[in-house]
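Colleague: Build the 3D model from these lines:
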Amino acid sequence: MKRFQDKVVLITGGTRGIGLATARRFLEEGASVVITGRQQASVTAALASLEGKVHGCAANVATVDGCRAAVSSTLGSYGRLDILFTNAGNYEAAPIDEVTEDLWDRTMDTHAKGTFFCVQAAVPALRASHGCVITMGSDAGLLGFRGGWAAYCAAKGAVINLTRQLAVDLAPEVRVNGLAPGPVGTEHLYADLTDGVYGGFEKDQDPVQAVSNSLPLKRIIDPAEIAEAALFLAAAKSMTGSILSIDAGSTIALP
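Modeller: Model (predicted):
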């Protein structure tokens, strides 16, 4: 039998990057999966790239209504929920004096608010299945970043400590663990590096190579590696309240 046969997984932000890679791996391991994205077009495109028992839901999980809609869609499709992966996220940089209220709220709502209210909506189903939650933190929740990342670092720090508190509140029926990736090679990351969003690089320096060189392992992480870590946490029945760093060493050495 496959590792997650007959399990139902909800992945927010599942239309690309880490979320899509994780959906693919859960499907390969026998799970039924629901993915969410803000736009129906992106959900439809992602579904076309996946094989197995998979449904999609267009929902903005930065809102309470969107969180409830995602969980409701999952229960409507499969009648149960075993694993919730609160992966949806955004990231924007701005110097301290240029951070607007809208940027702050947008960042905190997507990460901290979205994580909490997705879990809240899913609690009855997860208690019934003795399921688990996997949250998406970041090395940015453990470190300060150069270049104007106050809102993002604050949001990811909130997610990391929220993970620990949810683990306390929901034990023993529901396990809650988190991931804290370093630089992951998604289309979004490569586009931002190319467009100079991160800054801080010397003239004529290749930004992708510069990021790689700043890490002890000298490479950017593949989304599939984060997906494997998510599956590990889903199966790790003795773990709760843990934050798993998959960061190529970003949190142990400054560049």
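
Colleague: Looks like Cys153 contacts Arg146 (just checking).
Modeller: No. Cys153 lies out of contact with Arg146 (C-beta atoms under 8 Å); the separation is 10.9 Å. The C-beta positions use only the backbone N, C-alpha and C, and glycine is treated the same way.

Colleague: The two: who's more crowded?
Modeller: Using other C-beta atoms under 10 Å as the criterion, Cys153 and Arg146 rank with Cys153 on top: 19 against 11.

Colleague: would the more buried one count as being in a strand?
Modeller: No. Assignment of Cys153 by DSSP: H, G, I helix; E, B strand; the rest coil gives helix, placing it outside any strand.

Colleague: Show me what stretch 214-221 is in contact with.
Modeller: 181-185, 189, 208, 211-212, 246-250, 252-253, 255 (C-beta atoms under 8 Å, 6 or more residues apart in numbering).

Colleague: Go through these and flag which are in strands.
Modeller: Under the assignment DSSP state E, the contacts of stretch 214-221 contribute 181, 246 to strands.

Colleague: Quick one: buried ones out of the contacts of stretch 214-221?
Modeller: Neighbour-count burial (16 or more other C-beta atoms under 10 Å) is assigned, among the contacts of stretch 214-221, to 181-185, 189, 208, 211-212, 246-248, 250.

Colleague: So for those, which is the shakiest by pLDDT?
Modeller: Lowest pLDDT among those: Leu189, with 69.

Colleague: any idea which of the buried ones among the contacts of stretch 214-221 is closest to Met1?
Modeller: Ile246 (27.0 Å; C-beta to C-beta).

Colleague: if I read this right, that closest one contacts Asp139, doesn't it?
Modeller: No. Under the criterion of C-beta under 8 Å, Ile246 makes no contact with Asp139, lying 9.3 Å away.

Colleague: Name all residues that sit in contact with those two at the same time.
Modeller: In contact with both Ile246 and Asp139: 180-182, using C-beta under 8 Å, 6+ apart.

Colleague: residues contacting the nearest residue to Ala235 once chain neighbours are set aside?
Modeller: In space, and not counting its chain neighbours, Ala235 is closest to Arg3: 6.4 Å by C-beta to C-beta, 6 or more residues apart in numbering. Residues in contact with Arg3, defined by C-beta under 8 Å, 6+ apart, are 29-30, 231, 235.

Colleague: one more time with 7 Å, if that's ok
Modeller: Arg3 sits next to 29-30, 235 when contact means C-beta atoms under 7 Å, 6 or more residues apart in numbering.

Colleague: out of these, which are inside helices?
Modeller: Ala235 (DSSP state H).

Colleague: buried subset of the contacts of Arg3?
Modeller: Buried among these (16+ other C-beta under 10 Å): Glu29.

Colleague: Can you tell me which of the contacts of Arg3 is nearest Pro95?
Modeller: Nearest to Pro95 out of those is Ala235 (C-beta to C-beta; 42.3 Å).

Colleague: Tell me the pLDDT of that closest one.
Modeller: Ala235 is assigned 98 on the pLDDT scale.

Colleague: State the distance from it to Ile83.
Modeller: Relative to Ile83, Ala235 is positioned 10 Å away (C-beta to C-beta, to the nearest Å).

Colleague: who does the helix or strand hosting Met108 touch, helix- and strand-wise?
Modeller: Using DSSP states H and E, Met108 falls within helix 101-108. In this structure, helix 101-108 makes packing contacts with helix 150-170, judged by 3 or more C-beta pairs under 7 Å, 6 or more residues apart in numbering; DSSP states H and E.

Colleague: State the mean pLDDT of the helix it packs on.
Modeller: The average of the pLDDT scores along helix 150-170 is 98.

Colleague: Next, the angle helix 101-108 makes with that helix.
Modeller: Helix 150-170 and helix 101-108 meet at an angle of 40 degrees, taking axes from the mean of the first three to the mean of the last three C-alpha atoms, to 10 degrees as the criterion.
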